[in-house]
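Trainee: sequence and predicted structure are below.
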Amino acid sequence: MQRLKQAIRGWLTNKIYGQSFSYQNIIINLYAKNVFIFNWVKSYVEPFFAPVKNSAFEANWEIVFFGDPLVIAWVEKEFVRLSEDPSISVHSIVESTSTVLSSKNNTHFVKQQDPDIKGVKSFFMVEPQKKTVWVFAPEEEEETLYIVARFLRNLFILEAMNNGAVHLHASGMELNGSGLIIVGKKGSGKTTLLLELVKTFGAKLITNDHALLAVEKDKTVRLWGLPMSIGVKATTLNHILKPEQRQKLRDNLNYYYQDENALKAVIKSQPLNREDAGKIYFLISDLCRLLGCGISTVAPIRACIVPEYTEALPSVRLMRQTELNKILAANTFQHVCDQQVYWDRYLANTGNLDDLQKGGGVFPGFHVSYHPCNVKSLLFELMDRLYFNPSDG
């Protein structure tokens with residue numbers, strides 16, 4: 001792969017834009033030759049990944065992005081040439097539609113055709129000894145913006161997990177300086193509860209679907225958010241949005257990636273089947289603008305909510321710690337990213353709930369059985385128990 005490395009050094013002689021980002025005491029440098037893509041990625045990851053000026057600490061990783069079509073074409077030919085080299089091992093990863101070429105010095109050259117991002121083909125080379133990732137994706141494709149942002153996010157998740165953070169399938173918000181996480185299986189109503197809390201109590205949105213839990217030196221367990229798109233079911237939006245917010249959604253269609261039928265149904269406030277309603281996808285900043293709420297990046301955890309959608313009588317009950325632990329364990333990710341499992345080869349620690357709790361990470365859990373029609377009264381009861389009469393915690 002020496003020829004590719006020499007070519008990269010030549011491409012770096014022209015002007016390149018750079019920025020250091022910090023997250024959980026982790027620092028990653030991002031460099032790009034395309035100023036539009038550089039600025040877009042920077043705006044997408046803020047405020048979660050904070051820009052750093054003149055850091056006194058060495059970066060954990062560096063990402064260098066190239067998007068020139070001529071560069072991509074040359075890299076693709078080089079990938080084909082190297083895949084036929086007997087000294088290079090070739091490995092296909094079905095889950096992420098990727099092919100990995102590995103050299104004897106542990107440098108990895110990857111071709112990926114990401115089905116989640118309209119099948120855009122990209123290449124990247126990882127030099128673990130230098131902690132550098134070289135990313136090659138066509139700059140004329142809008143989806144490339146998300147490819148670069150995902151690299152930044154996944155490397156932060158990787159380093160956070162290696163530092164002991166637990167990667168959880170959960171939603172989260174901040175209210176009055178403390179955080180609530182919402183954990184549950186798919187379809188249990190995590191996003192509905194999250195947005196209802198934001199709407200009713202003025203909570204700040206931290207994350208949806210992916211969260212990191214980390215114990216600080218003072219033994220406080222904190223919830224850390226991540227910059228990700230948020231998919232919201234049309235039925236949830238129908239329940240949450242006010243008439244003026246529907247108009248705002250109609251006037252800003254270019255901001256969102258959406259299921260067209262779901263979008264029309266929400267705008268017209270049509271009744272929808274819960275299981276077949278479709279989703280509308282928002283950038284987290286756009287969703288907060290639509291709802292008129294704030295964004296928070298990190299908060300100490302006050303409690304965990306485990307929702308369950310029900311047609312029966314609604315209820316709120318305090319969970320036993322063993323019961324809550326089983327739910328948390330079942331919703332703990334063992335990978336950095338399911339669509340990019342090759343990062344797992346650099347993962348030294350998958351995050352352990354037992355270690356988290358030994359370090360002080362214990363918080364109460366509440367099981368909430370609800371229907372959208374009665375969710376508000378239940379949330380008032382829950383907030384009263386947590387914030388005004390917190391004897392359960």
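Mentor: Perfect, thanks for sending it.
Trainee: so which residues of the stretch 1-150 of the chain form strands?
Mentor: 17-23, 26-32, 50-52, 61-66, 89-93, 98-102, 108-113, 121-127, 132-136 (DSSP state E, counting those that start in this stretch).
Trainee: looking at those strands, spot the one closest to S171.
Mentor: strand 17-23 (19.1 Å; Cβ to Cβ). No exception for glycine: its C-beta is placed from N, CA and C like everyone else's.
Trainee: for the residue of the chain most remote from its centre, grab phi and psi.
Mentor: Ranking residues of the chain by C-alpha distance from their mean position (Cα atoms, centre = their mean) puts P86 at the top, at 37.9 Å. As for P86, its main-chain torsions (degrees, to the nearest 10) stand at phi -60, psi -20.
Trainee: so which of the strands of the stretch 1-150 of the chain gets nearest A312?
Mentor: strand 17-23 (42.0 Å).
Trainee: what's the model's confidence in that closest one, averaged?
Mentor: Average pLDDT, strand 17-23: 89.
Trainee: next one: stretch 228-239
Mentor: 80.
Trainee: quote the end-to-end distance of that stretch.
Mentor: Stretch 228-239 has its terminal residues 23 Å apart, counting by Cα to Cα, to the nearest Å.
Trainee: centre of the chain versus that stretch, how much separation?
Mentor: Here stretch 228-239 is found 16 Å from its chain centre; the criterion is Cα atoms, centre = their mean, to the nearest Å.
Trainee: so where is the stretch 201-350 of the chain shaky, pLDDT-wise?
Mentor: 250-277, 339, 350 (pLDDT under 70).
Trainee: contact partners for the residue farthest from the centre of the chain?
Mentor: Shown in contact with P86 (Cβ atoms under 8 Å, 6 or more residues apart in numbering): no residues.
Trainee: is it correct that D209 is in contact with L168?
Mentor: No. Using Cβ atoms under 8 Å, D209 is not in contact with L168; the gap is 9.6 Å.
Trainee: model confidence over stretch 367-386, on average?
Mentor: 81.
Trainee: using PDB, write down the CA coordinates of that stretch.
Mentor: Taking Å, rounded to 0.1, in the frame of the first residue of the first chain, the C-alpha atoms of stretch 367-386 are listed here in PDB:
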ATOM      1  CA  HIS A 367     -41.500   1.100  34.200                       C
ATOM      2  CA  VAL A 368     -44.200   3.200  32.400                       C
ATOM      3  CA  SER A 369     -47.100   1.500  30.700                       C
ATOM      4  CA  TYR A 370     -48.900   4.000  28.600                       C
ATOM      5  CA  HIS A 371     -51.100   4.900  25.700                       C
ATOM      6  CA  PRO A 372     -50.600   8.200  23.800                       C
ATOM      7  CA  CYS A 373     -54.000   9.300  25.100                       C
ATOM      8  CA  ASN A 374     -52.900   9.100  28.800                       C
ATOM      9  CA  VAL A 375     -49.200   9.700  28.600                       C
ATOM     10  CA  LYS A 376     -49.400  13.300  29.900                       C
ATOM     11  CA  SER A 377     -50.900  12.400  33.300                       C
ATOM     12  CA  LEU A 378     -48.400   9.600  33.700                       C
ATOM     13  CA  LEU A 379     -45.500  11.800  33.000                       C
ATOM     14  CA  PHE A 380     -46.800  14.400  35.500                       C
ATOM     15  CA  GLU A 381     -46.900  11.600  38.100                       C
ATOM     16  CA  LEU A 382     -43.400  10.500  37.200                       C
ATOM     17  CA  MET A 383     -41.900  14.000  37.300                       C
ATOM     18  CA  ASP A 384     -43.500  14.600  40.700                       C
ATOM     19  CA  ARG A 385     -41.800  11.400  42.000                       C
ATOM     20  CA  LEU A 386     -38.500  12.400  40.500                       C
END
